[in-house]
Every structure is written in C-alpha cells, then in structure tokens.
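Chemist: take this sequence and fold it.
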Amino acid sequence: MLGAPLATLAINADRSEVRTAADWLHDVALKYEVPQNKAIALDQCLDEILMNIVMHGGSSAANTPVQLSLTLTPKEVAITVSDSGKPFDPVNAPPKPKPLSLEEAEPGGLGLSIIKGLSNHLDYEFKEGRNVLTFAVAI
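Modeler: Residues are numbered from 1 along each chain as shown. The predicted model follows:
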C-alpha cells in the first residue's frame, strides 16, 4: 500500500511541461536516493504517460492541471498521475497488433508496451472525473 506522497507537482497538459516533469522526477529521485536505473525506468514511463495525455486527452485534459505524486516504500517507488482527460484505462487496454510486414508498420503506438514492460505494476481508476494511474518499479 502506498503512503503519503513525498513529492508532488502540478503541470499543464502541454508538451513543454513534459521536460518540467522529467526535471522534477530527476531531483526527487536524487533526493530520496532512488537507484539510477529505476529512476530512468520511471522517467521513461512518465514521459510516455504524459505524452499520451497531451496527444489523446482532449480539451478537458488541457484545461485542468495534471497532478503528479511520488511515493516510496522499502520495496518500490511509485508515481501517480491524475488528469481530467478522456477516460482511458491503460491497464486493460488491448496491446497494439503487431504488423505482419514492414508495409503494415506505423510509427508510434508502443507507449503502453513500454510502460507495461518497465513497471512492476500499474493501477488505474477513474475517480471524480479524473484518470488516476499509478505505476511502480521495485527497488
């Protein structure tokens, strides 16, 4: 179970703010001595999640801040991302079909696979009009 957040950040659902979130995560990871390889995995997941919000969240995501929080237990470090974009459950979303040929391949669409591959678990709920996604890596 997650405890109280050690750090929080509110950003706009805008491409320019993804760097702000990455800098925040870097600083918090250093402060709480998160192993570098785990911080990198968290950063890659956070980047994918935030870009999905920016690209697919719609106007409701753009009009309300995205809330980030980081929690740490002896076994894992977790980030919770809360946004008011279109409801989307990445935990139960089907994987993108693999192309059968190079001609069928399209750029993008691998973000969920990256997130699921780098994190130890994902939790999602739609609560009070907001997507609430928590991802964690073991430490």
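
Chemist: max-length helix in this structure?
Modeler: helix 36-56 (DSSP state H).

Chemist: which element follows the lowest-mean-pLDDT helix or strand in the chain toward the C-terminus?
Modeler: The helix or strand of the chain with the lowest confidence, counting by mean pLDDT, DSSP states H and E, is helix 111-118 at a mean of 85. As assigned by DSSP states H and E, the chain's next helix or strand after helix 111-118 is strand 121-127.

Chemist: about what we covered before: so for the longest helix of the chain, what's the average pLDDT?
Modeler: Averaged across helix 36-56, the pLDDT comes to 95.

Chemist: relative to helix 111-118, how tilted is that helix?
Modeler: 160 degrees (axes from the mean of the first three to the mean of the last three C-alpha atoms, to 10 degrees).

Chemist: pull the residues that contact the least confident helix or strand of the chain.
Modeler: 41, 44-45, 48-49, 51-52, 90, 93, 95-96, 122, 135, 137 (C-beta atoms under 8 Å, 6 or more residues apart in numbering). Heads up, the C-betas are built off the backbone N, CA and C, glycines and all.

Chemist: do that again at 6 Å, thanks
Modeler: 41, 44-45, 48, 52, 90, 93 (C-beta atoms under 6 Å, 6 or more residues apart in numbering).

Chemist: quick check: which ranges of the protein have low pLDDT?
Modeler: Applying pLDDT under 70 to the chain flags the ranges 1, 105, 107-110.

Chemist: and if we set it to 80?
Modeler: 1-3, 94-111 (pLDDT under 80).

Chemist: SS state for the spatially closest residue to Ser69 that is not a sequence neighbour?
Modeler: Take Ser69 and drop its neighbours on the chain: the residue closest to it by C-beta to C-beta, 6 or more residues apart in numbering is Pro5, 3.7 Å away. Under DSSP: H, G, I helix; E, B strand; the rest coil, Pro5 falls in the coil class.

Chemist: how close does Pro5 get to Leu68?
Modeler: 9 Å (C-beta to C-beta, to the nearest Å).
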